[in-house]
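# fold the following for me, if possible:
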Amino acid sequence: MWERKRGSSLKRIDSLIGAGTIIQGDVTFTGGLRIDGRVDGNVIAAEGEPGTLVISAEARVEGEIRVSHVVINGTVNGPIAVGDHLELQPRARIVLHDAAPRVRARGRRAAGYPRHGHAGRADPRRLYEG
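Numbers count the residues shown, from 1 in each chain. Predicted coordinates for the structure are as follows:
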């Protein structure tokens, strides 16, 4: 669906939060991060750095996400700010609590359909321009 350039940050994963691991507190990273466990806190790319985040099907993030690229197949309970690429895979579940939607994706198409205010599964048949 999206064109990928060779060596792009979308393909690079430098760090892993493994299944069964629970992080309590904010996580700031550079490069790429894959979450297979749980983070109770915000997940944020280092200021001024592109960051790729992959949230696997069994993973859960309880907090804000601020990155340039994100692929979500697990659960996110909090606002999401994406600079370039947002992909919601079939098992993605997103819960937003603010009165105004906080899912933002600039410059790319976002696949999926997060339901504001309550958990909803992604619907890959719907495409939205960011």
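# show the model's pLDDT score for the closest residue to Gln24 other than its chain neighbours.
Distances taken as CB to CB, 6 or more residues apart in numbering put Asp40 closest to Gln24, at 4.8 Å, once the chain neighbours are dropped. Backbone N, C-alpha and C define where each C-beta goes, glycine included. As summarised for this prediction, Asp40 has a pLDDT of 98.
# looks like Asp40 contacts Thr21 (just checking).
No: if you go by CB atoms under 8 Å, Asp40 and Thr21 don't touch, sitting 11.4 Å apart.
# quick one on the thing from earlier: for the residue nearest to Gln24, what are its contacts?
Going by CB atoms under 8 Å, 6 or more residues apart in numbering, Asp40 touches Ile22, Ile23, Gln24, Gly25, Glu62, Gly63.
# so the first one is in contact with Arg38, correct?
Pointing back at Ile22 there. Yes: in this structure, Ile22 is within contact of Arg38 by CB under 8 Å, at 4.7 Å.
# now for Gly31, how many residues are close by?
By other CB atoms under 10 Å, 15 other residues sit near Gly31.
# no, scratch that, I was asking about Ile94
26.
# hang on, it in a helix?
No: applying DSSP: H, G, I helix; E, B strand; the rest coil, one finds Ile94 to be strand, outside a helix.
# poorly predicted segments of the chain, please.
Across the chain, the ranges flagged by pLDDT under 70 are 1-11, 97-130.
# looking at Ile22 and Arg38, which is more packed in?
Arg38 (19 against 10).
# so what's that one bridging to?
Counting by DSSP bridges, Arg38 is bridged to Ile22, Arg60.
# isn't it right up against Gln24?
No: using CB under 8 Å, Arg38 is not in contact with Gln24, being 9.1 Å away.
# filter the contacts of Asp40 to the buried ones?
Among the contacts of Asp40, the ones that count as buried by 16 or more other CB atoms under 10 Å are Glu62, Gly63.
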